[in-house]
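Student: give me coordinates for this.
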Amino acid sequence: MIALISGAVVIGLISAAVISIGKTVFFPDSIALSVLASYSFIFSALLFAVMLFLSLKKKMNPIYVIVISAVMGIGAGYLGEYMGWL
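Tutor: Below is the predicted model of the structure:
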């Protein structure tokens with residue numbers, strides 16, 4: 001019984017972190033439809049789709065998925081700054 005409760009607590013804490021970080025990343029100023037057309041949102045959605053494909057269909061090691069997504073995210077940030085998209 002204790003394991004079930006602690007498992008629910010862990011899932012709740014992870015969910016709260018995902019919601020908080022997602023709100024900060026995708027909707028930094030306020031929740032608006034204009035965010036859906038921004039460079040950051042489009043790249044983040046594309047990156048999520050690619051990493052989901054690699055982890056579920058290709059069964060890639062999660063460490064590699066994290067490293068690849070970090071490199072792509074950092075590269076996209078520098079590209080966005082360089083091109084003036086951010």
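Student: in the chain, what secondary structure element scores lowest on mean pLDDT?
Tutor: Using mean pLDDT, DSSP states H and E, the weakest-scoring helix or strand in the chain turns out to be helix 2-26, at a mean of 79.
Student: just the buried positions in the helix or strand where residue 50 lies, please.
Tutor: Counting by DSSP states H and E, the element that carries residue 50 is helix 39-56. For helix 39-56, a neighbour-count test (16 or more other Cβ atoms under 10 Å) marks 40, 43, 44, 51, 54, 55 as buried. No exception for glycine: its C-beta is placed from N, CA and C like everyone else's.
Student: and the helix or strand following it, what does it pack against?
Tutor: Next in sequence after helix 39-56, counting helices and strands by DSSP H and E, comes helix 62-83. Applying 3 or more Cβ pairs under 8 Å, 6 or more residues apart in numbering; DSSP states H and E, one finds that helix 62-83 contacts helix 39-56.
Student: what's the angle from the helix it packs on to helix 2-26?
Tutor: 140 degrees (axes from the mean of the first three to the mean of the last three Cα atoms, to 10 degrees).
Student: and helix 39-56, what does it pack against?
Tutor: Against helix 39-56 (3+ Cβ pairs under 8 Å, 6+ apart) you get helix 2-26, helix 62-83.
Student: just put those in CSV and tack on mean neighbour count and distance to residue 32.
Tutor: What follows is the helices and strands packed on helix 39-56, written out as CSV (neighbours: other Cβ atoms under 10 Å; distance: least, Cβ to Cβ, whole Å):
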stretch, mean neighbour count, distance to residue 32
helix 2-26, 10, 11
helix 62-83, 12, 19
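Student: now tabulate those in a markdown table and tack on distance to residue 35.
Tutor: Shown next, in a markdown table, are these (distance: least, Cβ to Cβ, whole Å):
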| stretch | distance to residue 35 |
| --- | --- |
| helix 2-26 | 6 |
| helix 62-83 | 15 |
